[in-house]
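Student: Show me the folded form of this:
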Amino acid sequence: MKEFTASGYKKASTNTIISEADISKGSLFKYFHHKKGMYFFLLDYAVSVVETIYSEIDYSETDLFDRLSRIGRIKFRIQQAHPQVFEFLLGAHEEKAEEIREEKEQRMAAVRERGFSFVYEGIDFSKFREDIDIDKAVQILNWSMTGFAEQEISRMGADRKVTEEQFAKWEEYADLLKRCFYKEPSGE
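Tutor: Numbers count the residues shown, from 1 in each chain. Below you'll find the model as predicted:
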């Protein structure tokens, strides 16, 4: 992961990988017949680490925005425990190598869709205003989360660590969307 993250797919050196891993090239290629296979193995592993988030979701929390906030905190904790995985995934997101582009994009799109299905499972959509098309509201929310994440990734420094300030900034956007989409609480 370290080599792919530092060099990108095209420039990643199997010689550097075997040197860091202290194994022979033959051993590496016994398990991975080519660099592409190794890359996708690592991508699948990174995704499996991130998907531990779904096992920690509290499905008794049915408010969409509260759940999203909690998921963000879970993801933050997992990122702190596995920074190399998140670095690799950020690099994979930005990776443009034609040899892997299509398959990588398909896999990452499937991961996003699977993630969204977990995020929205059991949500109380009755909190949404009656004049709101819930599917469109959810799509706007997905675009907002994705766009916010991409914007923040592009602004991050070399350490690419998520900060409390970013959580606070997202909460401001989430509060705005919540006021747009949800019914006004009774009694206010």
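
Student: Strands of this protein, start to end?
Tutor: Shown for the chain, no strands are assigned by DSSP state E.

Student: those helices in it, which residues are they?
Tutor: Using DSSP state H, the helices found in the chain span residues 2-11, 14-21, 25-31, 35-50, 52-55, 64-81, 83-94, 98-120, 134-155, 164-181.

Student: export the ones you listed to CSV and tack on mean neighbour count, mean pLDDT and distance to residue 127?
Tutor: To be clear about C-beta, it is placed using only N, CA and C from the backbone, and glycine gets the same treatment. Output for the helices of the chain, formatted as CSV (neighbours: other Cβ atoms under 10 Å; pLDDT from 0 to 100; distance: least, Cβ to Cβ, whole Å):
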stretch, mean neighbour count, mean pLDDT, distance to residue 127
helix 2-11, 16, 94, 40
helix 14-21, 14, 92, 49
helix 25-31, 12, 89, 49
helix 35-50, 17, 94, 28
helix 52-55, 14, 89, 22
helix 64-81, 16, 86, 8
helix 83-94, 18, 88, 32
helix 98-120, 14, 91, 13
helix 134-155, 14, 84, 10
helix 164-181, 14, 90, 8
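
Student: As a markdown table, those helices with distance to residue 126 would be great.
Tutor: A markdown table is the format used below for those (distance: least, Cβ to Cβ, whole Å):
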| stretch | distance to residue 126 |
| --- | --- |
| helix 2-11 | 44 |
| helix 14-21 | 52 |
| helix 25-31 | 51 |
| helix 35-50 | 30 |
| helix 52-55 | 24 |
| helix 64-81 | 11 |
| helix 83-94 | 35 |
| helix 98-120 | 14 |
| helix 134-155 | 10 |
| helix 164-181 | 12 |
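
Student: Which neighbouring residues are in contact with the residue lying closest to residue 103 once chain neighbours are set aside, exactly?
Tutor: With Cβ to Cβ, 6 or more residues apart in numbering as the criterion, residue 103 has its nearest non-adjacent residue at 7.1 Å, and that residue is residue 40. With contact set as Cβ atoms under 8 Å, 6 or more residues apart in numbering, residue 40 has these partners: 100, 103-104, 107.

Student: Mind picking the two most distant members of those?
Tutor: The largest separation in those, counting by Cβ to Cβ, is between 100 and 107 at 9.7 Å.

Student: Off-centre distance for stretch 65-73?
Tutor: Relative to the chain's own centre, stretch 65-73 is displaced by 14 Å; criterion: Cα atoms, centre = their mean, to the nearest Å.
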